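1. everything below, folded, please.
(chains A, B, C, D, E and F)
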There are 6 protein chains.
Amino acid sequence: MIHIVLLLLPLLLSISHASVNDFCVADLNGSDGPSGYPCKPPTKVNEHDFVYAGLAAAGNTTNIINAAVTPAFVAQFPGLNGLGLSAARLDIASGGVIPLHTHPGASELLIVTQGYVTAGFIASDNSVYVKTLSKGQLFILPQGLLHFQVAYGKRKAVAYAVFSSSNPGLQILDFALFASNFSSSLITQTTFLDPEQVKKLKSVLGGSG
Amino acid sequence: MIHIVLLLLPLLLSISHASVNDFCVADLNGSDGPSGYPCKPPTKVNEHDFVYAGLAAAGNTTNIINAAVTPAFVAQFPGLNGLGLSAARLDIASGGVIPLHTHPGASELLIVTQGYVTAGFIASDNSVYVKTLSKGQLFILPQGLLHFQVAYGKRKAVAYAVFSSSNPGLQILDFALFASNFSSSLITQTTFLDPEQVKKLKSVLGGSG
Amino acid sequence: MIHIVLLLLPLLLSISHASVNDFCVADLNGSDGPSGYPCKPPTKVNEHDFVYAGLAAAGNTTNIINAAVTPAFVAQFPGLNGLGLSAARLDIASGGVIPLHTHPGASELLIVTQGYVTAGFIASDNSVYVKTLSKGQLFILPQGLLHFQVAYGKRKAVAYAVFSSSNPGLQILDFALFASNFSSSLITQTTFLDPEQVKKLKSVLGGSG
Amino acid sequence: MIHIVLLLLPLLLSISHASVNDFCVADLNGSDGPSGYPCKPPTKVNEHDFVYAGLAAAGNTTNIINAAVTPAFVAQFPGLNGLGLSAARLDIASGGVIPLHTHPGASELLIVTQGYVTAGFIASDNSVYVKTLSKGQLFILPQGLLHFQVAYGKRKAVAYAVFSSSNPGLQILDFALFASNFSSSLITQTTFLDPEQVKKLKSVLGGSG
Amino acid sequence: MIHIVLLLLPLLLSISHASVNDFCVADLNGSDGPSGYPCKPPTKVNEHDFVYAGLAAAGNTTNIINAAVTPAFVAQFPGLNGLGLSAARLDIASGGVIPLHTHPGASELLIVTQGYVTAGFIASDNSVYVKTLSKGQLFILPQGLLHFQVAYGKRKAVAYAVFSSSNPGLQILDFALFASNFSSSLITQTTFLDPEQVKKLKSVLGGSG
Amino acid sequence: MIHIVLLLLPLLLSISHASVNDFCVADLNGSDGPSGYPCKPPTKVNEHDFVYAGLAAAGNTTNIINAAVTPAFVAQFPGLNGLGLSAARLDIASGGVIPLHTHPGASELLIVTQGYVTAGFIASDNSVYVKTLSKGQLFILPQGLLHFQVAYGKRKAVAYAVFSSSNPGLQILDFALFASNFSSSLITQTTFLDPEQVKKLKSVLGGSG
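-> Sure, this is the predicted structure:
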């Protein structure tokens, strides 16, 4: 049979030239660009590049929000680069809250895997869509809109959020306002919040300005 | 020369078949889809479909924010459909404010044409970028991030905002929270604002829930 | 405070015109197009459009492959339309197999939520990437490449597959070859399989031709 | 074996729901939109929808340019809808010319199949790239740039042009200027051509205005 | 309150990893690619990267066309990189003309801010759409089509052109033909212009070949 | 006339800054990324970068499949980079077969230029679309679906395949299964092929594992 294999070689070789871009595992040492990171050379890619174990363990919910968001974006999971997908794990203890936030660059599909989650978003016309989800239910949160997740009931909740970009971004409203150096006078001017309210939350969240 | 024209006709005719999709003026009576509205039949399109005069007059700034946003999105200017562009006119009286907001579906390029505008945005890592712009200066506001514009100084300011989508969306933070039916208990839970603050702004902005 | 609300109304109204396209819940009765289905009118959309419960129950694995794939694509979950995301639930009993298949229109991110799954794909250069995943681990399967999932060990496995399109497609190799009317002579000619092998699998899977 | 087939049916059925959008053959009676035409119902699609024979015969080159462009765009070949590809056949008799033109919506790959073709394009920085191509050679013409093809030598030339859009558009410079109703005064003002030159070419090509 | 801040730190830190790609200010020293330039490291970005003052001053219209085009494309304004937007300032003195041209890679939205501008474009089917615009009016020029702007009346006109790409390109018809090294014989062959006309305009515009 | 040329220079210069991205000839020594390779510096680009002669000669069909696929993807023809197009030449001797395969990243348009080709594809719902094509006929093969081409009749056939990506990929079913190191036990488990069949084809095609 060996002669047959040899006859096939020219075809095999011309094909292998075409194989470069099935995937593009991020070389995080390279400079990223508008479409993502440069690709790791294919010869250095192996099966470990396509696996991520960082969401297997629960996030630490011993904090002020009784909740944790653990991202598996391209910076954590380079195999996602350029493929239009990423994920995060949400751990929400009883009473826990993922505060109001947006993902500037992606829509989100929420999959509840434990407990109950009340999730909601607000649309551009100020309509509010809220649902309490049980295990196995999906909820879709369209790109760029303010949304939240809270645990419903006394049980801890766990959910996976998946995104339509390998780098969806995450802007948490309270952190943007009160954990940044956004000046208090501009905050009160552009949000109508009372100065005392701004001062109080800045002191909790560590903002300056 | 007439025989030459006739000889050209077969070529002319085969070309005219190819001309359908240079543009796609929205038929707003049709159902929109993920990429926009269906196209108005080319035979009904004329030069008026490509012009919009609705931004020529100043918006009315006699209101609580001393400012006005006048959109020229696809719903107002159907000729933009599918072309990845839209605009809005910002009129900001002295002391006026375009409150903190996002465009879920587009980046924004701001062009100041009168007075001074202080504009800023907050990035996902809570960095704040603020600049005061004079006439003719440009500022870029990346997609989906919280941003604002206020008049700087005693003069009225005018600016054009242009967007990388014919339907960028506009979510004003205060309206999403306090002019909607987003329940006060969920607001306090997901924003850490005090209940009194929420109640006060809901009464100003007309929110319920 | 009522006079302030009234003064705000002009701004509120001009904004509501801009709100149409935050999302585009599919009207499955309309004709789909290259970018998806036409949008359900916003006035008919409510929170139920953004939830899907069809993946909450286990799929029936009492079949020849001891496994089940339950899709939540746009046809099942219209709220996904145009948002670049969909999902499926994989139930794989002990010894079960999701046979070799591709998704012609999307990359896949696999999230194991119970048991152990051995998953793998073959790249264009015929490299094979295989990993056994435990609960909480992620695996990325780049667009259009042949891949499979099998239960590892004696336990039933459950996983969610999420996709970078609301309509990823699903082409199962064996069904394409042996459950279709693809003529046996063309199959043997284009796959080098023996005629007896083709005949045998067609009789199992119901193919003709 | 029949019982095995029956056990497979639940899987087969859930899969068929997912199959809608492998392709989207244009329903040319529907209204097109920014991404193309609505899809013909899958039940009405057969193999003939994926074939186009209109480029098999030579175009008629008995005309002023001694050449013919025969398009296979989505309007002629509905199976191309949404797939990002189209084609045209170029027949260029000895001395024939495809006059300077652009495709506003696509790049072009030229494949010469008979004779010799001199092709060229002009870039934004006014660099000119010209090559004479023989049978089997490829030339790439980047999107939106002015380009031309002429027969080189005494033989008739044939080439296929393929495009990165199912509807690339075709704007022929001379027809845009001299076969339209573009007013002669605006032409001279915006091109610096002499009025006599404009008048002469309008009389040949049938323009008015 | 300090203990609360500390408890938040784990969440804050995991979030900051996700923030890389809200924007991608061009590193113009890097090699550009099909989607733009590599990103400047976020630590080197400040508010000045998002501002461009180069359009604040009028362009010099003391030239043969009595007009000037001042671009703010990614090469001038690196903050635009990857955001799908750019701009240019048009200054057109009385009698001035922006000659017939195309943008191969973008649609254009024209905003008149002073005087009167007559603008027009020619579609693939040779239809001509022309309008005279006054201050504050918008005109949309679909991608890749030949268009022009001239001052209407005795006043100087100023307009901003904004584009649906950070690098729209600009091909001026007369410069492509008569300021390049496009050979005169190919020009006459592919445009039907008289050799004398070509010679005359080449001598004015500096073309060779 | 010289003074006029000089007066034009300011306009000419500002325009040349805008010209960078009409095209992006691949620098194959650079690291590719999700959207392709970095661009060769424009000053090093000449007309040869836009031509490819590698498909002019027939591929060698003296092999087991009596056929050859010669690719002109971005790795062979760097001028295609970022333009969404590529090509391949198919030479199929009498009795020759291009075995069942997919292109994970592109749709294919087939143009027959000699002889007769029977081509077909299988859709996600297991429908089979097969046609025998003669010279000049086109066939469209939607993205990611299994398809094949065989010579029909006694004559050698030649065809060009063009693709909607500069790097479409090519996964040949038999090579993925039987010329790789995909383990025989996983193959039998995920394809239902008999172990003897797998062993036989692996010995022909050189697979291991």
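2. in its sheet, what does the helix or strand harbouring residue A:119 sit against?
-> Taking DSSP states H and E as the definition, one finds residue A:119 inside strand A:117-122. Strand A:117-122 has the following strand partners under DSSP bridges: strand A:128-133 (antiparallel), strand A:147-151 (antiparallel).
3. how far off centre is that strand?
-> 16 Å (Cα atoms, centre = their mean, to the nearest Å).
4. what is the neighbour count of the residue of chain A found nearest chain F?
-> With Cβ to the nearest Cβ as the measure, residue A:82 is the residue of chain A nearest to chain F, at 2.8 Å. Yep, even glycine has a C-beta here, placed from its N, CA and C like the rest. Applying other Cβ atoms under 10 Å in any protein chain shown, we find 23 residues neighbouring residue A:82.
5. got it, and residue A:196?
-> 12.
6. pLDDT of the helix or strand hosting it, averaged?
-> Under the criterion of DSSP H and E, residue A:196 resides in helix A:195-205. Helix A:195-205 comes out with an average pLDDT of 97.
7. that one: which residues count as buried?
-> Residues A:197-202, A:204-205 are the ones in helix A:195-205 that count as buried (16 or more other Cβ atoms under 10 Å in any protein chain shown).
8. next up, the contacts around the residue lying closest to residue A:139 once chain neighbours are set aside.
-> Excluding its sequence neighbours, the residue lying closest to residue A:139 (Cβ to Cβ, 6 or more residues apart in numbering or on different chains) is residue A:110, at 4.4 Å. Residue A:110 sits next to A:90, A:117, A:119, A:133, A:138-141, A:149, A:159-161 when contact means Cβ atoms under 8 Å, 6 or more residues apart in numbering or on different chains.
9. neighbour count for those - can I get that in JSON lines?
-> Below are these laid out as JSON lines (neighbours: other Cβ atoms under 10 Å in any protein chain shown):
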{"residue": "A:90", "neighbour count": "26"}
{"residue": "A:117", "neighbour count": "29"}
{"residue": "A:119", "neighbour count": "28"}
{"residue": "A:133", "neighbour count": "24"}
{"residue": "A:138", "neighbour count": "28"}
{"residue": "A:139", "neighbour count": "28"}
{"residue": "A:140", "neighbour count": "28"}
{"residue": "A:141", "neighbour count": "27"}
{"residue": "A:149", "neighbour count": "28"}
{"residue": "A:159", "neighbour count": "25"}
{"residue": "A:160", "neighbour count": "23"}
{"residue": "A:161", "neighbour count": "26"}
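10. among these, which one lies nearest to chain D?
-> residue A:138 (15.7 Å).
11. these two touch, right, the closest one and residue A:117?
-> No: using Cβ atoms under 8 Å, residue A:138 is not in contact with residue A:117, being 11.2 Å away.
12. any idea which helix or strand carries residue A:30?
-> Counting by DSSP H and E, residue A:30 is part of no helix or strand.
13. distance check, the nearest residue to it once chain neighbours are set aside against residue B:32.
-> Excluding the flanking residues, the one nearest residue A:30 by Cβ to Cβ, 6+ apart is residue A:38, at 3.8 Å. Distance, residue A:38 to residue B:32, using Cβ to Cβ, to the nearest Å: 38 Å.
14. if anything else comes up later, I'll come back, but that's it for now.
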